[in-house]
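Enquirer: coordinates for the following, if possible.
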Amino acid sequence: MRIRKANKEDRQTLVDFNCAMAEETEGKRLSVDTLTPGVDAVLDDPQKGFYLIVDVDGCAAGGLLITTEWSDWRNAYFWWIQSVYVKPEYRKRGVYTALHRYVEEAAECECNVCGIRLYVDRENRRAKATYERLGMTPARYDFYEWLLPDKRSN
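Expert: All right, here's what the predicted structure looks like:
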């Protein structure tokens, strides 16, 4: 297994991963016309975040997105894990665990990162169990959102 930052050559893989994850976890079909420039925006602007890819035997087996949130309370950033996807044939083989540990180690090397957060669908018991096994704990916060009318379908 090799973990690396994604680059522009990974664009289609990341689009495919996001589409598969949305379909599998939420039953949503993402608009490729919206998603593709969204992926490009991250690949073009490191301020927006970065993607990680796990290669297994030269094949992209999974990936995730890291974005940041500034915490004035801690005077540091939280890294948010998003867009997690592991191809079905690579599940239960340690791919996500390797990715997660890589993120932890990278965060520990940054002096301005105070922690890692993620959100998970409340019904996704398997993912919750995985995150808890890796040492994450449920936060005390509930998650709320408001979307502009033209963004509500995604």
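Enquirer: which parts of the helix or strand that contains residue 79 are buried?
Expert: Here residue 79, judged by DSSP states H and E, is contained in strand 76-86. For strand 76-86, burial by neighbour count (16 or more other C-beta atoms under 10 Å) applies to 77, 78, 79, 80, 81, 82, 83, 84, 85, 86. Glycine gets a C-beta too; all of them are placed from N, C-alpha and C.
Enquirer: and of those residues, the nearest to residue 56?
Expert: residue 86 (10.0 Å; C-beta to C-beta).
Enquirer: that closest one bridge partners, please.
Expert: Going by DSSP bridges, residue 86 is paired in beta bridges with residue 62.
Enquirer: residues in contact with it?
Expert: When contacts are counted by C-beta atoms under 8 Å, 6 or more residues apart in numbering, residue 86 touches 54, 61, 62, 95, 96.
Enquirer: any idea how far residue 63 is from it?
Expert: Computed as C-beta to C-beta, to the nearest Å, the residue 86 to residue 63 distance reads 8 Å.
Enquirer: what does residue 56 give?
Expert: Distance from residue 56 to residue 63, by C-beta to C-beta: 12 Å.
Enquirer: ok, and the closest non-adjacent residue to the most centrally placed residue in the chain?
Expert: The residue lying closest to the centre of the chain (C-alpha atoms, centre = their mean) is residue 82, at 2.5 Å. Leaving aside its sequence neighbours, residue 82 sits nearest to residue 65 (C-beta to C-beta, 6 or more residues apart in numbering; 4.4 Å).
Enquirer: check the offset of the strand holding residue 79 from the chain's centre.
Expert: The chain centre lies 4 Å from the centre of strand 76-86; the measure is C-alpha atoms, centre = their mean, to the nearest Å.
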